[in-house]
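Novice: Quick one, what's the 3D model for this:
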Amino acid sequence: MIPFICVLYSDGQVFSLVLGQCSLFTCQLFKYHFIDKTRSWDEAQKYCREKHTDLVTVYEETDMQRLRRSAKKQGAWTGLYNKPVSDKNEWNWRWSQAGVEYTEDATNWCHGEPNNANHGEYCVWMTPSKCWRDNRSYTFYETIGYRTWPEAQRYCRKYHTDLISGTKQLEELPSDLSNTAGLYWIGLFADTWRWSDGSSSFFRPWSQTFPVYHPGISKCATLNKDGRWNTANCNSQKPFFCYSDNVILIKENKTWEEAINYCREKHNDLISITDAEQQRWVQERAKNATSSHVWLALRFTCILEVWFWVTDERVDYKNWAPNVKMDDCNMSGAMEAGGKHKWIKEDDMMKFNFFCSKS
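Specialist: Next comes the predicted model:
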């Protein structure tokens, strides 16, 4: 049995459901649909892709609660699925704590690790020498007793912040850290779950424990009326959730004026971002851009010396990068396609990909 380490911060029929309490423009970004017809997961995916955009992806608690309120039956398919993966190179390693990214150049694996020796070794422990090993354990230890990995994660999130995550936090551990086992579970794990639309969301509100890996068996995720998720055989017949995406990423590099003319001629307009929920939705799609930034419908007027959305929304929500000078003429707003997806000002003549909203 293995201990684990928490980290503490002082500072976490077809029924269409349009996002509640949203502005008109927010509702235009995406829409959820509860499909009260029973299908297998594959059949549900095909239905959603033919009639809407895809099976639903969930990013945060508010998304889940809106879906839960619309569910008329217990257990409806989401877009999350777990296909059997025997090749460890196909696994996505993740840190438990939100916002801490796993990168191959910031690891401390023991020699020959990870090796997935016993299949399904999706959890990671730290040895006395502070190198890492993957393991298929179901029991873990922390200073007040033994826990499974999900129990350890829940404990840390309830009483602290999360399981210790990232090399920076691990480097700050005291050098004399020890226990009877000599091993500690850390917040690193291999994620074999994928979203139907390819999104990178790591929102996983499992009902009880982290789903156990079963070699050769495909599992898909269902949303229950209590707002938690369970797994089921993907061939089971269940109702399901689709979503419609009204945001279009145009992978052509154009000036800001060319971009807005393109959107107004072929679609509706450039995209405005007026709250954190819209920011999250758009930035997920920006990851697929072929340019370093993407144009937004954000413009600076020298006459009034203010930024404004050309789509008539007020600039109340802001996501500017730090130290951005705001008083230059001939500037428009763009968002970083990667990194923290902050807004920057750019010369109108720069050429980037851009987002259009659908009519």
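
Novice: mind showing which ranges of the protein have poor pLDDT?
Specialist: 1-28, 71-73, 84-90, 119-120, 136-146, 176-181, 207-217, 325-327 (pLDDT under 70).

Novice: quick one: furthest residue from the center of it?
Specialist: Using CA atoms, centre = their mean, the residue of the chain lying farthest from its centre is I303. It sits 39.9 Å away.

Novice: Return the residues in contact with K158.
Specialist: K158 is in contact with no residue at all, counting by CB atoms under 8 Å, 6 or more residues apart in numbering. Where you see a C-beta, it was placed from the backbone N, CA and C, and this is true even at glycine.

Novice: rewinding a little: any idea how far the residue farthest from the centre of the chain is from W256?
Specialist: Counting by CB to CB, to the nearest Å, the gap from I303 to W256 is 18 Å.

Novice: In stretch 337-346, which residues are buried?
Specialist: Neighbour-count burial for stretch 337-346 flags 337, 341-343, 345-346 (criterion: 16 or more other CB atoms under 10 Å).

Novice: Pull the number of nearby residues for T311.
Specialist: Burial of T311 is recorded as 17 neighbouring residues (other CB atoms under 10 Å).

Novice: The chain should start at 39 in everything you say after this.
Specialist: Right, with 39 as the first residue, what we last looked at is T349.

Novice: what's near enough to touch it?
Specialist: Contact partners of T349, counting by CB under 8 Å, 6+ apart, are 63, 307-308, 310, 335, 395.

Novice: Work out for me the element the residue farthest from the centre of the chain sits within.
Specialist: For I341, there is no host helix or strand (DSSP states H and E).

Novice: Now it: phi and psi?
Specialist: phi -60, psi -50 (degrees, to the nearest 10).

Novice: distance of it from F392?
Specialist: From I341 to F392 the distance is 25 Å (CB to CB).

Novice: Could you do T100 as well?
Specialist: From T100 to F392 the distance is 27 Å (CB to CB).

Novice: Compare neighbour counts for the two and give me the winner.
Specialist: Legend: neighbour count by other CB under 10 Å for T100 and F392, higher for F392 (30 against 13).

Novice: and the most centrally placed residue in the chain, helix, strand or coil?
Specialist: Central residue of the chain (CA atoms, centre = their mean): S239, 1.9 Å from the mean position. Using DSSP: H, G, I helix; E, B strand; the rest coil, the structure places S239 in coil.

Novice: That one touches T95, doesn't it?
Specialist: Yes - in terms of CB atoms under 8 Å, S239 counts as a neighbour of T95; the distance is 5.6 Å.

Novice: if I pick the residue nearest to the centre of the chain, what's in contact with it?
Specialist: Contacts of S239 by CB under 8 Å, 6+ apart are 95-97, 233, 322.

Novice: could you redo the last one with a cut-off of 10 Å?
Specialist: By CB atoms under 10 Å, 6 or more residues apart in numbering, S239 lies in contact with 95-98, 101, 117-118, 233, 318, 322.

Novice: Using the record's assignment, carve the protein into domains.
Specialist: Per automatic domain parsing, the domain ranges recorded for the chain read 39-283, 284-395.

Novice: what sits in contact with each of S239 and T95?
Specialist: Common neighbours of S239 and T95 (CB under 10 Å, 6+ apart) are 101, 117-118, 233, 322.
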